[in-house]
Every structure is written in C-alpha cells, then in structure tokens.
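[1] using only what follows, build the 3D model:
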Amino acid sequence: MDNNIIKKYMDDCSLCPRNCHVNRSAGQRGYCGASATLKAARAALHMWEEPCISGTRGSGAVFFSGCNMHCVFCQNEQIAKGQFGIDLSVERFVEILLNFQEQGAANINLVTPTHFVPQIIQGLEQAKLRGLTIPVVYNSSGYESVGTLRQLDGLVDIYLPDMKYSRTETAAKYSTAPDYAEVAKRALQEMVRQAGALEFDRDGMMRKGVIVRHLLLPGHVTEAKEVLDYLYHTYGDLIYISIMNQYTPLLSMRGLASVYPELDRKVTKREYDKVIDHALELGIRNAFVQEGETAAESYIPAFDGEGILR
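    Okay, here's the model as predicted:
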C-alpha cells in the first residue's frame, strides 16, 4: 500500500464501523482518538495470551494507542484514548516486527490495530519482503468493518477478536455501540473466511485460524451463554473459544463505580463455573478456560514505551 492510498484513508476516515469521516491528516480526531501517524505504547514479548499464541517464547505484541470502543471497564484505558504513546514511522514499525522474529517470538501480535490498518498493511508488506515469516495475529475488539478486514486478506494468519456482547442494550450501555453484536458477527464471518481451518505446528503453536474471546462480566452469565450459543452453533469446531474470567474492576479509580455499580466487583467462581458448564453441555471442545485468580492489575502490561524507540 503506497503513501497516497494511506493519505486517502486518513483524509476521510471510515476504517471502522463508527464511520467518523474525520480528516486525520489535518489533525482531526475521531472516536478512536488517533492521528494519521502510527502510535504505540509498548512493543515487547507478551506471555499472557492463550497458550497456543504466547507459548514459551512469547508473542511479539505491539500495543497501539487509541481504540474505537472505549468500554467503561477497559483494562487498557491508559492508552485507549489515543493520546498516550509514542509516534513511530512505518520504517520503525517494520524494524520492530523483524526484531521480534530475531528474538524468537512465536508470532507478531497486533493489539487494537483497527484505526491504523493502512499503515499496518504497508509495514507488513515491507516486512514480509524483508523476510518476516512468523504468523501475524490481528488482536481486536471484534468491532470491525468487513471492507477494512478484506484488505488484510493474505497478510494476517490468525484472528483473535472479542465477542463482547450479544445484546444491544449491554453494548450501548458499556461501549456506546448498540450495533456491536450485529457488526461483530459479520466481521467474524470474514475473519473465518480468511483464516480457514485451524492449523498448528508440531509444538502446538497456532499457525492459522480464529480464536474468539469472551470476557465474562459480573452479573452477565446469561449473556455469556448467549454468546457461546451463537459461536458454537455457527462455527462448531472451526474456531477456538476463549472463555475469560479475568475481569478486573477499575471503575473506582475512574469515578464510575456509582454509575455502573454492577461492574464494581470481580466475577465469582460460581458465575464462571456456570458458563463453563454451559460450554460443556453445548459440546464445545475447542476452548480455553482460565483457572484460579486471574483478575488482577498485575496482568495489565506496563505501557511505558518499551520497544518503541531504538
């Protein structure tokens, strides 16, 4: 992708379902808060993804600044508004990807990349020409435009989206995205089309495929079951489902506890067990579950600019 095409997207941004149509080239900022320049807050080996993503070598994760969701419970809220992070050129981005490969990373992990897809495409094309061969993971909220995803066909090997909600009212309340479920389902269909059947290497590391994450929210067991119903009845064993209990209540720190009191606690073991039992009753086999205590701020990476600057 050349610079003129990138500028076209930045001059009138409609990369995500928000369709802000702002001129990022002129300094305007849309819902994601991003400018026209790549910005990231961390680029380092990440050990806390699913076992087939992180493994023992780590996933080469680039945490981009900005987000098109702004969930009230966001664990990465520090960088989600797009103002926090370090600008980097496409050339430096390519160097980071190649450095990850030299360090032995299992894959490239693009975290919250949606609003930088044109620049990422340019970087991936250049990196692959320079010898990048490890799988590329697209790690997102699932709130994606199919047209944007289609541009990644052949460049992304593994899709790692969320399926956050099944209900309009929940998505509207917590993410100001009442169309989330409808949009995420269309996006997932395109991701599965591109990635195809699950493929692993001899060490059990994923080479191709889709893993859909669902983060159980406190008090939302029924909605979690609805998400699992949709995923399994639609895709069966064609995808993996990652059922997460790591919700960490940070609302008190942001003064939101009185607005969303139902979210101001951790998920209980009983709640999580109910969801896992439902997965077993459905017959889900391709799943990741979390055991023990995973809801802690210590699992949130330090967004200190590591790996961005030379």
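[2] for the helix or strand containing Glu223, buried residues please.
    Element membership for Glu223, per DSSP states H and E: helix 221-235. Across helix 221-235, burial judged by 16 or more other CB atoms under 10 Å covers 221, 223-228, 230-232, 235. No exception for glycine: its C-beta is placed from N, CA and C like everyone else's.
[3] and the next element down the chain from that helix?
    Assigned by DSSP H and E, the successor of helix 221-235 is strand 240-244.
[4] got the end-to-end distance for stretch 49-61?
    10 Å (CA to CA, to the nearest Å).
[5] ok, and what's touching that stretch?
    42-48, 97, 100-101, 103-109, 111, 134, 137, 139, 158, 160, 200, 203-206, 211, 240, 242, 288, 301 (CB atoms under 8 Å, 6 or more residues apart in numbering).
[6] in ChimeraX, select just the buried ones from these.
    Restricted to buried positions by 16+ other CB under 10 Å, the ChimeraX selection for those reads:
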select :42,43,44,45,46,97,100,101,105,106,107,108,109,111,134,137,139,158,160,205,206,211,240,242,288,301
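[7] tell me which of the contacts of stretch 49-61 fall in helices.
    97, 100-101 (DSSP state H).
[8] circling back to that earlier point, angle of the helix holding Glu223 against strand 240-244?
    170 degrees (axes from the mean of the first three to the mean of the last three CA atoms, to 10 degrees).
[9] and helix 221-235, what does it pack against?
    When contacts are defined as 3 or more CB pairs under 8 Å, 6 or more residues apart in numbering; DSSP states H and E, helix 221-235 packs onto helix 180-195, strand 206-215, strand 240-244, helix 269-282.
[10] correct me, but Leu15 touches Tyr9?
    Yes: using CB atoms under 8 Å, Leu15 is in contact with Tyr9, at 6.4 Å.
[11] overlap of the contact sets of the two?
    117-118.
[12] could you measure from Tyr165 over to Ala172?
    Per CB to CB, to the nearest Å, Tyr165 is found 9 Å from Ala172.
[13] and the contacts of stretch 49-61, which of them are in strands?
    42-46, 108-109, 111, 137, 139, 158, 160, 200, 206, 211, 240, 242, 288 (DSSP state E).
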